[in-house]
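>>> Structure for the following, please:
(one chain, ligands or ions: 1)
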Amino acid sequence: MRNETLHGVDDGLFMNEQGVGAWSTDKYALIRLYAHLFTSGMKGKWPNLVYVDLYSGAGQSRIDGSNEILLGSPLIALSIDIPFDQYIFCDSNRAALDALKSRVASRFPTAQATYLLGDCNDTWQQIVDLIPSRCLCLCFVDPYDLSIHFDTLRRLSEGRNMDFLCLLASRTDAGRNRANYTTEESTKVDLFLGSRDWRAEKDSPLVLKQNFGDFLCSKFAERMETLGYLPSPNHEMRTIKDANRALYRLALFARHETAKRFWNQVLKYSIPQRSLFD
Ligand SMILES: C[S@@+](CC[C@H](N)C(=O)[O-])C[C@H]1O[C@@H](n2cnc3c(N)ncnc32)[C@H](O)[C@@H]1O
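Below you'll find the model as predicted:
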């Protein structure tokens with residue numbers, strides 16, 4: 001992989017700012033390395049490689065309280081050595097999606113990219129309609145909170161070869177909202193897990209002792225196993241931290257060992273070499 005910068009430029013367009021901090025460099029370095037391993041390892045083995053970004057953002061992010069600008073996940077996926085054949089970007093914020101469209105048009109004018117405005121839990125059918133029948137997909141799921149619905153991932157992956165790289169908002173959302181999310185009225189976790197079964201365990205001594213976010217990460221991975229995904233225990237997820245404070249986890253869900261091998265390389269090499277990506 002070329003040692004390209006993860007930094008963007010101030011082009012005057014809308015940028016992601018919410019929840020962007022120094023730790024975002026880690027997230028972006030991991031995404032870039034995984035996307036690079038994915039396309040370089042799989043090119044030629046499939047008629048099409050498709051990248052889906054359910055929470056695409058604007059394509060560039062400004063680190064909170066600074067002038068430091070980073071490439072966002074869509075521009076990272078577009079700028080790897082071996083690009084994907086097709087890109088599908090979804091975001092519920094019109095300003096972010098318009099800015100992304102402008103950036104892609106000027107920097108990657110030949111990319112085959114489609115933009116869907118709306119909640120990805122509603123636009124899944126439009127996404128499915130855009131995916132060619134014989135392809136391998138990498139879907140990046142990067143919400144601020146636990147807003148992804150398990151059923152969305154189920155519908156997207158049904159009968160399709162799709163790996164998911166998911167940001168699980170374990171501490172930034174789940175860990176802080178245990179009291180709200182465990183009420184009978186809250187549907188947040190039910191939708192995130194596509195089931196109410198977790199409620200039977202939520203008050204067990206073992207779970208009460210645990211951070212609620214960590215509990216939900218393991219439940220989410222169990223749910224993905226019901227769709228044929230390989231086990232992804234918490235220790236195989238990468239915790240993103242602000243200094244020593246855990247924020248969220250990045251987890252890979254794949255149905256084939258090859259993808260897991262790529263992910264193991266990411267876990268192994270990206271941790272001590274963060275500065276190589278800057
Ligand atoms: C954390 S940012 C994603 C940034 C981007 N993936 C990156 O790494 O550069 C989350 C984005 O999701 C969008 N968003 C929030 N809820 C959404 C939803 N339900 N469906 C689609 N997009 C959503 C927000 O507008 C925001 O741009």
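>>> now Ile31: how far from the ligand?
Using CB to the nearest ligand atom, to the nearest Å, one obtains 7 Å as the distance from Ile31 to the ligand. No exception for glycine: its C-beta is placed from N, CA and C like everyone else's.
>>> so which strand or helix has that residue?
Assigned by DSSP states H and E, Ile31 belongs to helix 24-42.
>>> got the buried residues for that helix?
By neighbour count on 16 or more other CB atoms under 10 Å, the buried set for helix 24-42 is 24-39, 42.
>>> mind checking pLDDT for the residue located most distally from the centre of the chain?
Distance from the centre of the chain peaks at Pro205, with 31.4 Å (CA atoms, centre = their mean). For Pro205, the pLDDT comes out at 96.
>>> what's the answer for Gly21, then?
88.
>>> hang on, the earlier thing: what's the first helix or strand after the helix holding Ile31?
strand 49-53.
>>> Show me where the stretch 1-150 of the chain dips below the pLDDT cut-off.
Along the stretch 1-150 of the chain, the model assigns pLDDT under 70 to residues 1-4.
>>> Around the ligand, pick out the residues from it.
Contact residues (CB under 6 Å from any ligand atom) of the stretch 1-150 of the chain with the ligand: 16, 19, 55-57, 61, 72-73, 90-93, 96, 119-121, 142-144, 147.
>>> is it true that Tyr55 touches Ala96?
No - counting by CB atoms under 8 Å, Tyr55 stays clear of Ala96, with 9.5 Å between them.
>>> Drop anything exposed from the residues of the stretch 1-150 of the chain next to the ligand.
16, 19, 55-57, 61, 72-73, 90-93, 96, 120-121, 142-143, 147.
>>> all strands of the chain, in order?
49-53, 60-62, 69-71, 86-91, 113-117, 136-141, 161-168, 238-242, 245-253 (DSSP state E).
>>> and Ala259, how far is that from Cys90?
Per CB to CB, to the nearest Å, Ala259 is found 22 Å from Cys90.
>>> Could you dump the strands of the chain into CSV and include distance to Asp151?
Formatted as CSV, these follow (distance: least, CB to CB, whole Å):
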stretch, distance to Asp151
strand 49-53, 16
strand 60-62, 29
strand 69-71, 31
strand 86-91, 16
strand 113-117, 18
strand 136-141, 13
strand 161-168, 14
strand 238-242, 25
strand 245-253, 15
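>>> between those strands, which one is nearest to Phe215?
Phe215 lies closest to strand 161-168 among the strands of the chain, at 11.3 Å (CB to CB).
>>> Going by neighbour count, which residues of that closest one are buried?
Using 16+ other CB under 10 Å as the burial criterion, the residues of strand 161-168 that qualify are Asn161, Met162, Asp163, Phe164, Leu165, Cys166, Leu167, Leu168.
>>> List just the nearest of those to Glu185.
Nearest member of the buried residues of strand 161-168 to Glu185, counting by CB to CB, is Leu168, at 23.2 Å.
>>> from memory that closest one sits against Lys219, does it?
No - applying CB under 8 Å as the test, Leu168 and Lys219 come out as separate, 10.3 Å apart.
>>> can you pull the contacts of Phe253?
For Phe253, the contact set (CB atoms under 8 Å, 6 or more residues apart in numbering) comprises Asp163, Phe164, Leu165, Cys166, Ala221, Met224, Tyr229, Leu230, Ser232.
>>> what sits opposite it in the beta ladder?
Beta-bridge partners recorded for Phe253 (DSSP bridges): Phe164.
>>> Check Leu116 too.
The partner residues for Leu116, given DSSP bridges, come to Cys90.
>>> how close does it get to Asp145?
Distance, Leu116 to Asp145, using CB to CB: 20 Å.
>>> Neighbour count for these two, which is higher?
Leu116 (20 against 16; other CB atoms under 10 Å).
>>> With that, I have no additional questions.
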